[in-house]
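Peer 1: Got a predicted structure here, sequence first:
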Amino acid sequence: MLIERTQHLSKNNPYFSHAEVQCWTAYRNHQPVGRISAQIDAFHQTRYHDHAGFFGMLEAKPDIQIFRELLGTAEQWLRERGMRRILGPFNLSINQECGLLIDGFHTPPMVMMGHAPPYYRQLLEANGYQKAKDLFAYHIDLNFNIPPVIQKAIRKAESSVTFRSLRRSDFQQELRTIQDIFEDAWSGNWGFIPFSTEEFAAIGREMRLLVPDSFVQIAEVDGTPEAMLVAFPNINDLIRDLQGKLWPVGWLKFLWRLKVSLPRTARVALMGVRKRYHGTPLGAVLAFGMIDSVRQAGRTRRIEHVELSWILEDNVGMRNMLHAIGCAPYKTYRIFEKDLIS
């Protein structure tokens, strides 16, 4: 939606408190033909010290000259600020919309996922960009069966493990719990940077408005929160015919559809199990149990299709778990990179 993009690039986006960002628009014959952004994220530099900058917000006509000018401008801006490598697309950070769709163009994108045409990959590669990392989106069949060995482990853990929905009456504490688990669970992942408190508060505002309590699952072990999952209703289902505008009657259509007609698809956008449980039977119990709980919630709301995205290509543990219940990647997104000093 245009209003969401405006907010995303406004001074109210808390990302700008820890990142330097520059945006450009390309014109030909006084007509806009492309855009791009370049970012230097202080959180990333503090954690990795790798002199890596980023590009994002890339939109352009299928013209190699336009891509060359946009990318070259972003590269030069980063080079002048001491960056030695560029990665992207990130709109604007790894904790927001990122990656370029390179496979799986046959279905529309889920909420907060991109859908660039195939020529973007071709023109990035023609400008010297290559693969840095692939991200997978998995389709979850709601009729999946939990493997018998995991069912047995879940029954064995029943006395100590509980799964519960969001407690809206204690929303701020719940939000801190979800952020704490996410940052512990993801801290070893490629490219990880933490959210600022303000950034997670912004996610909380979206959750409060759009996400049913049962779409947030928190797993507790002996009363202590140890894993979390957040699924968003796919509002793309509701706004596809609004042409990006809510005014003057789009708001009414959106609210009516959100409360009455409901989307038929959803996306698991956040999921994490604390690191001390990674690779353990109890960790598998927590992960499978949360997925099963949100499946039940989705069925109640007549959800027909769920996407879990994104999953790093080298997150073998998570991918093996999804394969065990018959899930398969159906879209691939790619982070590209280019050396800026050669």
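Peer 2: Looks like it arrived, so ask away. Quick caveat, the model's predicted, so the values are computed rather than measured.
Peer 1: Show me where the chain has its helices.
Peer 2: Counting by DSSP state H, the segments of the chain that form helices are 2-8, 42-48, 64-80, 119-126, 148-156, 171-186, 197-210, 236-239, 250-256, 281-300, 316-324.
Peer 1: Name the residues of the fifth one that are buried.
Peer 2: Read that as helix 148-156. Using 16 or more other CB atoms under 10 Å as the test for burial, helix 148-156 gives 150, 153, 154. Yep, even glycine has a C-beta here, placed from its N, CA and C like the rest.
Peer 1: same deal with the longest one?
Peer 2: Along helix 281-300, these residues count as buried under the neighbour rule (16+ other CB under 10 Å): 282-295, 297-298.
Peer 1: do you know which of the helices of the chain lies nearest residue 227?
Peer 2: Between residue 227 and the helices of the chain, the shortest gap by CB to CB is with helix 281-300, which sits at 4.1 Å.
Peer 1: How far does that closest one sit from its chain's centre?
Peer 2: 20 Å (CA atoms, centre = their mean, to the nearest Å).
Peer 1: Distance check, residue 146 against residue 8.
Peer 2: According to CB to CB, to the nearest Å, residue 146 and residue 8 sit 38 Å apart.
Peer 1: So between those two, which is more surrounded?
Peer 2: Taking other CB atoms under 10 Å, residue 146 and residue 8 do not tie; residue 146 has more neighbours (19 against 16).
Peer 1: That one and residue 152 touch, don't they?
Peer 2: No - using CB atoms under 8 Å, residue 146 makes no contact with residue 152, being 9.9 Å away.
Peer 1: Find residues that contact each of these two.
Peer 2: With contacts taken as CB atoms under 8 Å, 6 or more residues apart in numbering, residue 146 and residue 152 have no neighbour in common.
Peer 1: Report the helix or strand with the lowest average pLDDT across the chain.
Peer 2: For the chain, the helix or strand with the lowest mean confidence is helix 250-256, at a mean of 62 (criterion: mean pLDDT, DSSP states H and E).
Peer 1: which stretch in the helices of the chain is the model least sure about?
Peer 2: Lowest mean pLDDT within those: helix 250-256, a mean of 62.
Peer 1: Per-residue pLDDT of residue 338, please?
Peer 2: pLDDT at residue 338 comes out at 98.
Peer 1: so how many other residues sit close to it?
Peer 2: Residue neighbour count, defined by other CB under 10 Å, stands at 18 for residue 338.
Peer 1: That one touches residue 129, doesn't it?
Peer 2: Yes - using CB under 8 Å, residue 338 makes contact with residue 129 at a distance of 4.9 Å.
Peer 1: Was I right to think residue 139 contacts residue 322?
Peer 2: No - the pair residue 139 / residue 322 is not scored as a contact, 9.6 Å apart, by CB under 8 Å.
Peer 1: Overlap in contacts, the two.
Peer 2: residue 328.
Peer 1: Mind checking which of these two has more residues around it?
Peer 2: residue 322 (22 against 18).
Peer 1: Turn the helices of the chain into a markdown table, columns for distance to residue 92.
Peer 2: Formatted as a markdown table, the helices of the chain follow (distance: least, CB to CB, whole Å):
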| stretch | distance to residue 92 |
| --- | --- |
| helix 2-8 | 8 |
| helix 42-48 | 12 |
| helix 64-80 | 13 |
| helix 119-126 | 18 |
| helix 148-156 | 38 |
| helix 171-186 | 18 |
| helix 197-210 | 11 |
| helix 236-239 | 20 |
| helix 250-256 | 25 |
| helix 281-300 | 28 |
| helix 316-324 | 25 |
